[in-house]
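Participant: 3D model of this:
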Amino acid sequence: MRLFLPTLQAATSGLTQSDPRRQLVDTLTRWDGINLLNYDGKTWQQPGSAILNVWLTSMLKRTVVAAVPMPFDKWYSASGYETTQDGPTGSLNISVGAKILYEAVQGDKSPIPQAVDLFAGKPQQEVVLAALEDTWETLSKRYGNNVSNWKTPAMALTFRANNFFGVPQAAVEETRHQAEYQNRGTENDMIVFSPTTSDRPVLAWDVVAPGQSGFIAPDGTVDKHYEDQLKMYENFGRKSLWLTKQDVEAHKESQEVLHVQR
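Facilitator: Numbering: from 1, shown residues only. Predicted coordinates for the structure are as follows:
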């Protein structure tokens, strides 16, 4: 949001507060950029992401996508806010098209010389306002004319049965969903060297959702650690990693010794 908000504010500064395009930008201005779930667990408290998604999609279509020949144009059409039916499985980043568009709206202020006029000779403000009009038409038809009442769908995080290569690694019914997408991947790690609060040289924590073990016995019984970290991840929790022999001995659940015959 911070990349394009100044451009949006400048384009709508001369509009009346009753203008729907100004209302969209005012909504973004008041928003802190944080998506919070409503009590229904399915919608956002703020429509900011939905507004940016539709506006950026329209802007890219009118600028970057229009300037790139087929079939390569489709590589630049993603806003970065898209949601799929199952939701994303990792972290989202600023899309390639959005990065190019950002430099274009900077014009002479961009450190990258703008050799191509992505606005095709039109004033930048005109294109920005046209994309805002597209945004209003799309979202008002879907949610009504009162922006403050818009309840836009929340993006879910999906733990899929396929790995990142698309290779199945579990049964489809083992797919897990988290209602709130937090854009922090599916595993988090924290390591502290020479901590001042401990005499240990290294402290470490992680959270590996859905669980530490994916084992399922032939009779269908799942390991007790099968999904023991789903709620931990959702609530920004973490668990300690035991790095010394003493810690491992103190916290081990079982021990198996393998004797190798030579």
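Participant: Which residue, other than its chain neighbours, is closest to residue 56?
Facilitator: residue 79 (4.0 Å; Cβ to Cβ, 6 or more residues apart in numbering). Glycine gets a C-beta too; all of them are placed from N, C-alpha and C.
Participant: burial count for that neighbour?
Facilitator: Applying other Cβ atoms under 10 Å, we find 21 residues neighbouring residue 79.
Participant: from what I can see it touches residue 53, true?
Facilitator: Yes: using Cβ atoms under 8 Å, residue 79 is in contact with residue 53, at 5.2 Å.
Participant: ranges for the helices of this protein?
Facilitator: 5-12, 20-30, 48-62, 64-67, 96-106, 124-143, 230-234, 245-251 (DSSP state H).
Participant: Kindly reformat the ones you listed as CSV containing mean pLDDT.
Facilitator: Formatted as CSV, the entries for those read as follows, by pLDDT from 0 to 100:
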stretch, mean pLDDT
helix 5-12, 96
helix 20-30, 97
helix 48-62, 95
helix 64-67, 94
helix 96-106, 93
helix 124-143, 97
helix 230-234, 91
helix 245-251, 93
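Participant: residues touching the residue nearest to residue 56, list them.
Facilitator: By Cβ atoms under 8 Å, 6 or more residues apart in numbering, the contact list for residue 79 reads 52-53, 56-57, 60, 95, 97-98.
Participant: quick one: contacts for the closest residue to residue 229 other than its chain neighbours?
Facilitator: Of all residues beyond its chain neighbours, the one nearest residue 229 is residue 209 (4.9 Å), with distances taken as Cβ to Cβ, 6+ apart. For residue 209, the contact set (Cβ under 8 Å, 6+ apart) comprises 159, 176, 178, 186-187, 227, 229-230, 232-234.
Participant: any chance you could map the strands in the stretch 151-262 of the chain?
Facilitator: For the stretch 151-262 of the chain, applying DSSP state E, counting those that start in this stretch gives strands covering 157-159, 176-178, 187-193, 202-208, 239-240.
Participant: For residue 53, see how far away residue 61 is.
Facilitator: As for residue 61, its distance to residue 53 is 13 Å (criterion: Cβ to Cβ, to the nearest Å).
Participant: When the two are compared, which one has more neighbours?
Facilitator: More crowded of residue 61 and residue 53, by other Cβ under 10 Å: residue 53, with 21 against 17.
Participant: ok, the more buried one touching residue 81?
Facilitator: Yes: shown here, residue 53 and residue 81 form a contact pair, counting by Cβ under 8 Å, at 3.5 Å.
Participant: about what we covered before: just send the contacts of residue 79 back as CSV, with distance to residue 253 too.
Facilitator: What follows is the contacts of residue 79, written out as CSV (distance: Cβ to Cβ, whole Å):
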residue, distance to residue 253
52, 47
53, 46
56, 49
57, 50
60, 52
95, 44
97, 49
98, 47
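Participant: tell me which of these is nearest to residue 2?
Facilitator: Comparing the contacts of residue 79 against residue 2 with Cβ to Cβ places residue 52 closest, at 10.9 Å.
Participant: check contacts around that closest one.
Facilitator: Under the criterion of Cβ under 8 Å, 6+ apart, the contact list for residue 52 reads 1, 4, 28, 79, 81.
Participant: Now for residue 207: which residues touch it?
Facilitator: Applying Cβ under 8 Å, 6+ apart, one finds that residue 207 lies in contact with 187-188, 229, 232-233, 237-239.
Participant: Report the two of those residues separated the most.
Facilitator: Most distant of the contacts of residue 207, by Cβ to Cβ, are 187 and 237, 13.1 Å apart.
Participant: mind putting the contacts of residue 207 in TSV, neighbour count and distance to residue 149 included?
Facilitator: Putting these into TSV (neighbours: other Cβ atoms under 10 Å; distance: Cβ to Cβ, whole Å) gives the following:
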residue	neighbour count	distance to residue 149
187	12	37
188	16	35
229	20	37
232	16	35
233	23	32
237	12	34
238	16	38
239	14	41
